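> pasted the sequence and its predicted model underneath.
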Amino acid sequence: MHSRFVSTLAAVGVALAAGLLYATPASASVRFDPDRGTGFVGGGDVRTPFRWSGAMLQSRAAGVTFSHSRSIEDTYTVVCGWDTAPRGTREHLTIVVTHIRESSVLNLGSSVAYDAATATAADPKGRVVGFKLTGAVSGVSGTSVGPTVGAPCPDGRSYGGAKTIDRVRLKSTATISALTAWYRSVSHDLLVTRG
């Protein structure tokens, strides 16, 4: 059970990192303070990834929501060992494990920003120019424990005996932060940082 959990957690961490590394960079009109959850997202920064026309943005703007996710990702070198029955020796296998130590997702409050100078009878508020981010309104966070000596090996394979972790070495730590726009169940990362 523990081995499957650690393997699954490592796979999720690699998938998350891969997805975030290739996200679309934000344009100059995205301004975001991740510590406060506040800022401004230009209308074009939402239109482009969703592939909306100006009219589509105008009609859907009230349904756009934003979230901010942050994770701390540790990469370890793990040496797993197992006893071989006939020879009585201990075999070893070295693997690299990526583990998400901490993660959080915050839902952000926002309001649509309009250009009042463009107001018409059809659009009395004017053209949508962007979204003001007003801070976190709800969220979820969690932590987990990385690989430890004596725990089952996280690769999930058996080599003729119980395989456990003999040594662990932390190689690197990265913090990943993403500002994401949502419309219904579709999302696009607008700003991703990795440090």
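Noted; the coordinates are in hand. Numbering: from 1, shown residues only.

> which of the residues in the longest strand along the chain are buried?
The longest strand of the chain (DSSP state E) is strand 90-115. For strand 90-115, a neighbour-count test (16 or more other Cβ atoms under 10 Å) marks 97-101, 103-108, 110, 112-114 as buried. Just so you know, the C-beta spots here come from the backbone N, C-alpha and C atoms, and that holds for glycine as well.

> after that strand, next one along is what?
strand 127-143 (DSSP states H and E).

> give the buried residues for the next helix or strand after that next one.
Sequence order places strand 164-183 as the next helix or strand after strand 127-143, per DSSP H and E. Using 16+ other Cβ under 10 Å as the test for burial, strand 164-183 gives T164, I165, D166, I176, S177, A178, L179, T180, A181, Y183.

> equivalent analysis for stretch 54-73, please.
So stretch 54-73, judged by 16+ other Cβ under 10 Å, has buried residues 57-58, 60-61, 64-71, 73.

> show me those residues that map onto helices.
Restricting those to those inside helices, with DSSP state H as the criterion, leaves L57, Q58, R60.

> so can I have JSON lines of the residues you listed showing distance to G37 and pLDDT?
Listed next are those as JSON lines, based on distance: Cβ to Cβ, whole Å; pLDDT from 0 to 100:
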{"residue": "L57", "distance to G37": "22", "pLDDT": "97"}
{"residue": "Q58", "distance to G37": "26", "pLDDT": "95"}
{"residue": "R60", "distance to G37": "22", "pLDDT": "97"}
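
> closest one of those residues to K125?
Q58 (9.6 Å; Cβ to Cβ).

> list the contacts of that closest one.
Going by Cβ atoms under 8 Å, 6 or more residues apart in numbering, Q58 touches D123, R127, V128.

> what about the nearest residue to the second one once chain neighbours are set aside, how many residues nearby?
Okay, so that is R127. Nearest residue to R127 in three dimensions, chain neighbours excluded: T118, at 4.2 Å (Cβ to Cβ, 6 or more residues apart in numbering). Residues near T118, counting by other Cβ atoms under 10 Å, number 12.
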